[in-house]
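1. Provided below are the primary sequence and the corresponding predicted coordinates.
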Amino acid sequence: MSHKLTCHCGAVELAVDLSDGLATARRCDCSFCRRRGAAAVSVPLNGLRIVQGEENLTLYQWGTGTARHYFCKTCGIYTHHRRRSNPNEYGVNLGALEGVNPRDLGDIGWVDGVNHPSDQT
């Protein structure tokens, strides 16, 4: 089932096919995600289509440069990222899915991004 995801100003719209519905919702405590504060759900690489606003997306990378985080350059809303933990999928902003309120999901689990295996020597 396809879901519509939009940034706050509406310049960016994605169609996403969630891997396992909202069951994959999670938060990360890495230095970036805990500042961003958005919970994400999983989407396979072939399950994300940019419907409009590709030119309005901006990319942010740091550290290993593996993860690719995308934001609307007008309103600043995080829309999606290609995961470092699994480069075969995207994480998409749960709060930007049309008709979904993260509050309705109750407690959302956390992943340990502080101790990510890619950062271990």
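-> The structure has been received and is ready for your questions.

2. could you say what helices and strands the lowest-mean-pLDDT helix or strand in the chain packs with?
-> Ranking every helix and strand in the chain by mean pLDDT, DSSP states H and E puts strand 110-111 at the bottom, with a mean of 77. The helices and strands touching strand 110-111, judged by 3 or more CB pairs under 8 Å, 6 or more residues apart in numbering; DSSP states H and E, are strand 27-28. For the C-beta atoms, the positions are set from N, CA and C on the backbone; glycine is no exception.

3. Quick check, central residue of the protein?
-> residue 92 (2.7 Å; CA atoms, centre = their mean).

4. pretty sure it contacts residue 17?
-> No. Counting by CB atoms under 8 Å, residue 92 sits too far from residue 17 to count as a contact (10.3 Å).

5. anything in contact with each of those two?
-> Counting by CB atoms under 8 Å, 6 or more residues apart in numbering, the common neighbours of residue 92 and residue 17 are 43, 48.

6. which non-adjacent residue is nearest residue 51?
-> In space, and not counting its chain neighbours, residue 51 is closest to residue 13: 4.3 Å by CB to CB, 6 or more residues apart in numbering.

7. Strands along the protein, start to end?
-> Along the chain, counting by DSSP state E, strands occupy 2-6, 13-17, 27-28, 40-44, 48-52, 57-60, 68-72, 78-82, 89-93, 110-111.

8. Out of those, flag the one nearest residue 99.
-> Of all those, the one in closest proximity to residue 99, counting by CB to CB, is strand 2-6 (8.0 Å).

9. who's in contact with that closest one?
-> With contact meaning CB under 8 Å, 6+ apart, strand 2-6 is reached by 12-18, 51, 79-80, 92-93, 96-100.

10. Buried ones among these?
-> Buried members of those, counted by 16 or more other CB atoms under 10 Å: 12, 13, 14, 16, 18, 79, 80, 92, 93, 96, 97, 100.

11. Before I go, just wanted to say thanks for your time.
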